[in-house]
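Trainee: Quick one: sequence plus predicted model below, questions after.
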Amino acid sequence: MRVIIAKDYDEMSVWAANYVAKRIIDFKPTAEHPFVLGCPTGSSPLGLYKHLAELNHKGVLSFQNVVTFNMDEYVNLDVNHPESYHSFMWTNFFSKIDIKPENVHILDGNAKDLLAECAHYEEMIQEAGGIDLFMGGVGPDGHIAFNEPGSSLTSRTRIKTLTTNTIQANCRFFDNDETKVPKQALTVGVGTVMDAREVLILCNGPKKARALHHMIENGVNHMWTSSMLQMHQHATVVCDEEATVELKISTYQYFKDKQQIEGTIGRYYNLFK
Ligand code: GLP
């Protein structure tokens, strides 16, 4: 697993956006062979989405031949609710780029048959050729998508009941009222994320410090589902300094030395300047 330590949220976001943009550009996607991008929601990717949209406006990259699959969606929340993940994605990203609406896929948390919806989602990912790059965030308890602690590390897309911890973390989007937060969600599984050819995780701020520690320093454990990424052949975590405070000094120092010797921050941060 590669770990990139950016100095702050802005550097992390620009680095990650440029990294994703370069992947898409180098892929040379066409209508017949599109780039398949996995997308997260949450506050962590907001800067990444903003910068990707700017690169799109500047003509650096196009999303015309990009197909997206979102990670998750609440169950029984109107798609037009401002906090549905449909609203989030269209407000913060899709409405700002040249993506074709028919290329956007988000789980339907209001489907009559939720299990069929989840199975169909997995089929659509297969039909699209699998996910080339899955971007993601982590919850404070280390969950990836909505794979709460205790989730199977080989799980597929399914219904998950949210933990109290996640409901408390997400109630800031629902007037700080826990009773307004949906109690269940549809989510891709840990196995679905692991099948992606590449995974890029954003992890920022002091509230994510424990999650980062468990994700990269402890063993693979279903109580910290993002730790499964230790088993992925091509996973990168990009974090900010604030998220590193629970890491061992030796871990922190190794990744700092490595990125300095390899020039990793500058290579992507300055890419499209
Ligand atoms: C939710 C989402 C996750 C996201 C997490 C962290 O639980 N299902 O995909 O990573 O929130 O969100 P934030 O980036 O706002 O901290």
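Mentor: In hand now; what should we look at? Predicted model, so just to flag it, every value in this text is computed and none were measured. Numbering: from 1, shown residues only.
Trainee: C-alpha from now on. contacts and neighbour counts both.
Mentor: Fine.
Trainee: Okay, strands next: where are they in this protein?
Mentor: 2-6, 35-39, 66-70, 72-74, 104-105, 133-136, 158-161, 184-187, 199-203, 235-240 (DSSP state E).
Trainee: winner for burial among those strands?
Mentor: strand 72-74 (a mean of 27; mean count of other C-alpha atoms under 10 Å).
Trainee: Output the contacting helices and strands for it.
Mentor: The contact analysis (3 or more C-alpha pairs under 8 Å, 6 or more residues apart in numbering; DSSP states H and E) places strand 72-74 against helix 85-92, strand 184-187.
Trainee: closest one to residue 216 among these?
Mentor: Of all those, it is strand 184-187 that lies closest to residue 216, at 22.5 Å by C-alpha to C-alpha.
Trainee: what pairs with that closest one, and is each one parallel or antiparallel?
Mentor: Partners of strand 184-187 in the sheet, by DSSP bridges, are strand 72-74 (antiparallel), strand 158-161 (antiparallel).
Trainee: Using TSV, lay out these together with distance to the ligand.
Mentor: As requested, these are arranged in TSV below (distance: least, C-alpha to the nearest ligand atom, whole Å):
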stretch	distance to the ligand
strand 72-74	6
strand 158-161	11
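Trainee: Return the residues of the stretch 101-250 of the chain in contact with the ligand.
Mentor: 136-139, 144-146 (C-alpha under 6 Å from any ligand atom).
Trainee: Format the residues you listed as CSV; extra columns: pLDDT.
Mentor: CSV is the format used below for those (pLDDT from 0 to 100):
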residue, pLDDT
136, 98
137, 98
138, 97
139, 95
144, 98
145, 97
146, 96
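Trainee: Now the buried members of the residues you listed.
Mentor: Using 16 or more other C-alpha atoms under 10 Å as the burial test, those include 136-139, 144-146 as buried.
Trainee: circling back to that earlier point, which of the residues of the stretch 101-250 of the chain next to the ligand fall in helices?
Mentor: Residues of these located in helices (DSSP state H): none.
Trainee: can I get these in CSV with distance to residue 208?
Mentor: Output for those, formatted as CSV (distance: C-alpha to C-alpha, whole Å):
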residue, distance to residue 208
136, 13
137, 10
138, 8
139, 7
144, 12
145, 15
146, 16
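Trainee: Which of the helices and strands in the protein ranks last by mean pLDDT?
Mentor: Here the helix or strand of the chain ranked lowest by mean pLDDT, DSSP states H and E is helix 164-170, holding a mean of 91.
Trainee: Now do that one: everything it contacts.
Mentor: Residues outside helix 164-170 that contact it (C-alpha atoms under 8 Å, 6 or more residues apart in numbering): 139-141, 178, 181-183.
Trainee: out of the strands paired with strand 184-187, which comes closest to residue 250?
Mentor: strand 72-74 (35.2 Å).
Trainee: Can you give the contact residues for the closest one?
Mentor: Outside strand 72-74, the residues touching it (C-alpha under 8 Å, 6+ apart) are 40, 84-86, 106-109, 145-146, 182, 184-188.
Trainee: what residues are up against the nearest residue to residue 225 once chain neighbours are set aside?
Mentor: In this structure, residue 225 finds its nearest non-sequential neighbour in residue 143, 5.2 Å apart by C-alpha to C-alpha, 6 or more residues apart in numbering. When contacts are counted by C-alpha under 8 Å, 6+ apart, residue 143 touches 149, 224-226.
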